[in-house]
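> Show me how the following folds:
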Amino acid sequence: MKKTLVLAGCMLALMVTMASAAGINLRWNDCGAAGAPTNAFDCQTNSGAPFPMIASFLPPAGISKFLGVAAQIDITSSGALPDWWKHGTTACRLNAGMSVSFDFTSGPFSCNDVFGGQAAGGFAYDIGFGSPNRARLRVQAAIPAGTEVPLAAATEYYAFKVNLARSKSASPGNCVGCTEPMCIVLNNIQLFQPLSLGNDPDISNPGPSGNFVTWQAPTVSGCPQSTPTRNSSWGQVKSLYR
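A predicted model of the protein is given here:
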């Protein structure tokens, strides 16, 4: 009996250790340790390469048939959300100011590319989510059925990149607020497998590099700021199949 209890205790400790190794990172330009925690822009031009925010994850053990992800990011300002951070059909930056990509075939290459250019996905951007100084970005992506892949526990994988365009930063016609410091928090990344496995872990634990970045200042008062996440279902992500 004593040996059984010791063995059970060791197994539990191992499971806790492996679970705690799972985490999520958010960085500018690249994943994890290869990325930057803050980004500054003088807002004096409307042209040039976009600024990529890259989300990555370290999965727990037991992901044998990875199919897709769902994630949520909160973007928060000290006052009312600036116009420069308002994206959408009727918003100041319209639909061209922000895009989301799951294609890492052309780089960067610091972390593992689990999608291999096969992912289909989309995003929604909710201005004023929870309060007037916040927006929430919801992201989902999936690879085609039949192309499931195993993931190695505690190995860092790319999840997606959020590209912020420089459009409407400089006058005339600019959207006010490009220079305002912002706090951007990756709340969670949920991993999906076939329904038969019953194992779709939702990772909210910050990874070793951190699950938030800042804009225009190395530190932003009160950062990180986030609100509770809402889990997705595999049915929602599956609808993204080509």
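
> quick check: mean pLDDT across the lengthiest strand in the chain?
Taking DSSP state E as the criterion, the chain has its longest strand at strand 182-192. Strand 182-192 shows a mean pLDDT of 98.

> Kindly report the same for stretch 134-145.
pLDDT averaged over stretch 134-145 gives 97.

> returning to that earlier point: strand partners of the longest strand of the chain, parallel vs antiparallel please.
If you go by DSSP bridges, strand 182-192 pairs up with strand 68-76 (antiparallel), strand 202-203 (antiparallel), strand 212-215 (antiparallel).

> Using a markdown table, lay out those strands together with mean pLDDT.
Shown next, in a markdown table, are the strands paired with strand 182-192 (pLDDT from 0 to 100):
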| stretch | mean pLDDT |
| --- | --- |
| strand 68-76 | 98 |
| strand 202-203 | 98 |
| strand 212-215 | 97 |
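
> Just say which of those strands is most tucked in.
Per-stretch averages of neighbours, counted by mean count of other Cβ atoms under 10 Å, single out strand 68-76 among the strands paired with strand 182-192, with a mean of 26. For the C-beta atoms, the positions are set from N, CA and C on the backbone; glycine is no exception.

> for the strands paired with strand 182-192, which one sits closest to residue 57?
strand 202-203 (5.8 Å; Cβ to Cβ).

> Show the residue spans covered by the strands in the chain.
With DSSP E, the ranges of strands along the chain come out as 23-28, 38-39, 51-58, 68-76, 98-101, 120-127, 134-142, 157-164, 182-192, 202-203, 212-215.

> Give the other helices and strands that the third one contacts.
The criterion is 3 or more Cβ pairs under 8 Å, 6 or more residues apart in numbering; DSSP states H and E, and the helices and strands that strand 51-58 contacts are strand 23-28, strand 68-76, strand 157-164, strand 182-192.

> which residues touch the closest residue in space to residue 177 that isn't next to it in sequence?
What sits nearest to residue 177 in space, not counting adjacent residues and going by Cβ to Cβ, 6 or more residues apart in numbering, is residue 82, at 2.1 Å. By Cβ atoms under 8 Å, 6 or more residues apart in numbering, the contact set of residue 82 is 175, 176, 177, 178, 180.
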